[in-house]
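A.B. asks: Output the structure for:
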Amino acid sequence: MFGNLCDVPGVLVGHATDEVGLTGCTAVLFEEPAVVGVDVRGSSPGTRETDLLSPTGRVGETHAILLTGGSAFGLAAADGVVRFLEERGVGYDVRVARVPLVPAAVLFDLAVGDPKSRPDAKMGHEAAAAASCGGFAQGSIGAGTGATVGKALGRERAMKGGVGSASVELSGGLVVAALAAVNAFGDIRDPTTGKIVAGPRLDDGTLADTVEHFEEAARNLRWGEENTTLAVVATNAWLTRPQTTKIAQMAHDGLARTISPVHTSVDGDAVFAASVGGAAGRISGVAAAPDVVGAWGARVVEWAVLQAVRCAKGIPSFPAASET
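C.D. replies: Sure thing, here's the model as predicted:
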């Protein structure tokens, strides 16, 4: 049931991690240009080249996606992914050069480790160079290195977030997979049981319902712009840009089922959806109804969010779900 994003043929994932500064980035590369859509729901996003992914956009291909820590500073890591791809002749052909197209989104982790340690072009290049198919580490690594969740009672009561991934294979060879970097203001719940898996910690060690403490948190302004959950959904279904955009929209339901509350004014939640493989490519796509892909996209996002917090390792002041 869990698998990972690389179960979609032609998708590669690589991490770069600063274990001292507690930040990092995660690069998703496509062996062939992908058709990518995006949907941003949080009110505090940090993104690069997401306008390029509009359903009315002229350029129909994307070569990689970067998820990164470091807030707006971390967007610089995308330059390293671009350089890595250019070195290999990958990019959109503009006759005088090939321009790698790498949309990116950031989460805020500056208050967790060293605020002067941020992903940069060197780290982005490292993540791209590390990208491979098959298994990859999850939890407190890459873009999830400094991720935290459950901040309604202040940072001192929050818990560790991270990176998680999951996939499903359906009839006809259809594969739908997700990777999530979970750094949410809200608490994380298992939708099958309703149990809070990670969230604000009360004095007795039990986990609090964020919504029940939301009014107090808002009144006391006990958090900053320190949140955001990012996700990438990938599939081998052959889809158009408007269809991948719709799938990105539907996949946000996976965040809504596992994060409470979600899409707040202090989150920058964004979901990318990528269709990998087409009629002319070496990697062949399969026929599938977009609504089917979107529904399963939401489901694998659920699993990826839960994997992120369950695989995370605690750091000073931020225990992990596996430790409580």
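
A.B. asks: Correct me if wrong: residue 146 contacts residue 112.
C.D. replies: Yes - taking CB atoms under 8 Å as the contact criterion, residue 146 and residue 112 are neighbours in contact, 4.0 Å apart. Every residue, glycine included, has its C-beta placed from N, CA and C.

A.B. asks: Between those two, which is the more surrounded one?
C.D. replies: For residue 146 versus residue 112, the count of surrounding residues by other CB atoms under 10 Å is larger for residue 146: 29 against 25.

A.B. asks: my read: residue 179 touches residue 2, true?
C.D. replies: No - counting by CB under 8 Å, residue 179 does not reach residue 2; the two are 11.8 Å apart.

A.B. asks: what is in contact with the two at once?
C.D. replies: By CB atoms under 8 Å, 6 or more residues apart in numbering, residue 179 and residue 2 have these common neighbours: residue 165.

A.B. asks: mind listing what residue 205 touches?
C.D. replies: Taking CB under 8 Å, 6+ apart as the criterion, residue 205 is in contact with residue 324.

A.B. asks: in what helix or strand does it lie?
C.D. replies: Residue 205 is part of no helix or strand, with elements assigned from DSSP states H and E.

A.B. asks: again with residue 31
C.D. replies: Under the criterion of DSSP H and E, residue 31 resides in strand 23-40.

A.B. asks: related to what we said a few turns ago, who's more crowded, residue 179 and residue 2?
C.D. replies: The residue with the greater number of neighbours, taking residue 179 and residue 2 and applying other CB under 10 Å, is residue 179; the counts read 34 against 15.

A.B. asks: for that one, what are its contacts?
C.D. replies: Neighbour list for residue 179: 4-5, 13, 26, 28, 67, 163-165, 231-232, 304 [criterion: CB under 8 Å, 6+ apart].

A.B. asks: Apply 10 Å and report the result again.
C.D. replies: Listed by CB atoms under 10 Å, 6 or more residues apart in numbering, the contact partners of residue 179 are 4-6, 11, 13, 26, 28, 65, 67, 136, 138, 142-144, 163-167, 230-234, 272, 300-301, 304, 307-308.

A.B. asks: so of those residues, which ones are in helices?
C.D. replies: Of the contacts of residue 179, the ones assigned to helices by DSSP state H are 300-301, 304, 307-308.

A.B. asks: what touches both of residue 146 and residue 112?
C.D. replies: With contacts defined as CB under 10 Å, 6+ apart, the residues shared by residue 146 and residue 112 are 21-23, 69, 160-161, 183, 315, 318.

A.B. asks: List buried residues within those.
C.D. replies: Neighbour-count burial within the shared contacts of residue 146 and residue 112 applies to 21-23, 69, 160-161, 183, 315, 318; the criterion is 16 or more other CB atoms under 10 Å.

A.B. asks: tally of neighbours for residue 15?
C.D. replies: Based on other CB under 10 Å, the number of other residues close to residue 15 is 23.

A.B. asks: element containing it?
C.D. replies: Applying DSSP H and E as the criterion places residue 15 in strand 11-18.

A.B. asks: pLDDT (mean, whole number) over stretch 8-20?
C.D. replies: The pLDDT scores in stretch 8-20 average 97.

A.B. asks: List the buried residues in it.
C.D. replies: Of the residues in stretch 8-20, those scored as buried under the neighbour-count criterion (16+ other CB under 10 Å) are 8-18.

A.B. asks: Same list (those) but as JSON lines, adding distance to residue 189.
C.D. replies: Converted to JSON lines, the buried residues of stretch 8-20 look like this (distance: CB to CB, whole Å):
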{"residue": "8", "distance to residue 189": "27"}
{"residue": "9", "distance to residue 189": "32"}
{"residue": "10", "distance to residue 189": "33"}
{"residue": "11", "distance to residue 189": "28"}
{"residue": "12", "distance to residue 189": "31"}
{"residue": "13", "distance to residue 189": "26"}
{"residue": "14", "distance to residue 189": "30"}
{"residue": "15", "distance to residue 189": "26"}
{"residue": "16", "distance to residue 189": "30"}
{"residue": "17", "distance to residue 189": "27"}
{"residue": "18", "distance to residue 189": "30"}
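
A.B. asks: and these, which two are the farthest apart?
C.D. replies: Farthest apart among those by CB to CB are 9 and 18. That separation is 31.1 Å.

A.B. asks: if we can go back for a sec, residues in contact with the next helix or strand along the chain from the strand holding residue 31: which ones?
C.D. replies: Note on strand 23-40: by DSSP H and E, the next helix or strand toward the C-terminus is strand 47-48. For strand 47-48, the external contacting residues (CB under 10 Å, 6+ apart) are 38, 40, 53, 66, 68, 72, 74-79, 102-106, 230, 268, 270.

A.B. asks: If any of these are buried, put those into a ChimeraX selection.
C.D. replies: Here the buried members of the contacts of strand 47-48 are turned into a ChimeraX selection, burial being counted by 16+ other CB under 10 Å:
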select :38,40,53,66,68,74,75,76,77,78,79,102,103,104,105,106,230,268,270
